[in-house]
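S.K.: Below is the sequence, then the predicted model.
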Amino acid sequence: MAIVACYSSYLAISIALTVWVARTLYRSGRIFLLDAFHGNEGLADSVNHLLVVGFYLINIGYIALALKTTNPLATVRGAIELESTKIGVVLLILGGMHFFNMYVLARMRSRRSIAGPESPWAQARQ
């Protein structure tokens, strides 16, 4: 019975964290995407939505794969240690994905500033 409680708790915490991070990134990421796409709201919102969908797919997929364990849970301590390890890995993946997205957005912004006003990026804005 302890394994069911551990699995349930792991799923609830991991999915709640994933949803919270995705919503935060969606709200805050819009500003960066608007800047990266020169104020094109439709494109920025579309890319933002696609990024969130991909974020959910990757993270919830990992959460489901990491659910399996072969460790026997003989004590409460064992259950807590197993769950904390699994949630810690989920948090590391969420953080890694966040920094990867920020890296990509920063590169997009730097390309735009290097390209100058005569670039196709600048022409798309007009």
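M.R.: Great, that's in hand. Numbers count the residues shown, from 1 in each chain.
S.K.: Which other helices and strands does the helix or strand that residue 53 is a member of contact?
M.R.: Here residue 53, judged by DSSP states H and E, is contained in helix 41-65. With contacts taken as 3 or more C-beta pairs under 8 Å, 6 or more residues apart in numbering; DSSP states H and E, helix 41-65 sits against helix 2-36, helix 76-115. The way it works is simple: take the backbone N, C-alpha and C, and place the C-beta from them, glycine included.
S.K.: List the buried residues of the longest one.
M.R.: By neighbour count, and taking 16 or more other C-beta atoms under 10 Å as the criterion, the buried residues in helix 76-115 are 79, 82, 83, 86, 87, 90, 93, 94, 97, 101, 105, 112.
S.K.: now for it, which elements pack on it?
M.R.: By 3+ C-beta pairs under 8 Å, 6+ apart, helix 76-115 packs against helix 2-36, helix 41-65, helix 120-125.
S.K.: same thing with the first one?
M.R.: Judged by 3+ C-beta pairs under 8 Å, 6+ apart, the packing partners of helix 2-36 are helix 41-65, helix 76-115.
S.K.: angle of it against helix 76-115?
M.R.: Counting by axes from the mean of the first three to the mean of the last three C-alpha atoms, to 10 degrees, helix 2-36 lies at 10 degrees to helix 76-115.
S.K.: picking that back up, where among the helices and strands packed on helix 2-36 is the average confidence lowest?
M.R.: Among the helices and strands packed on helix 2-36, helix 76-115 has the lowest mean pLDDT, at a mean of 80.
S.K.: quick revisit: any chance of the helices and strands packed on helix 2-36 in JSON lines, with distance to residue 5 too?
M.R.: Shown next, in JSON lines, are the helices and strands packed on helix 2-36 (distance: least, C-beta to C-beta, whole Å):
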{"stretch": "helix 41-65", "distance to residue 5": "17"}
{"stretch": "helix 76-115", "distance to residue 5": "7"}
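S.K.: looking at those, which is closest to residue 8?
M.R.: For residue 8, the closest of the helices and strands packed on helix 2-36 is helix 76-115, at 10.2 Å, according to C-beta to C-beta.
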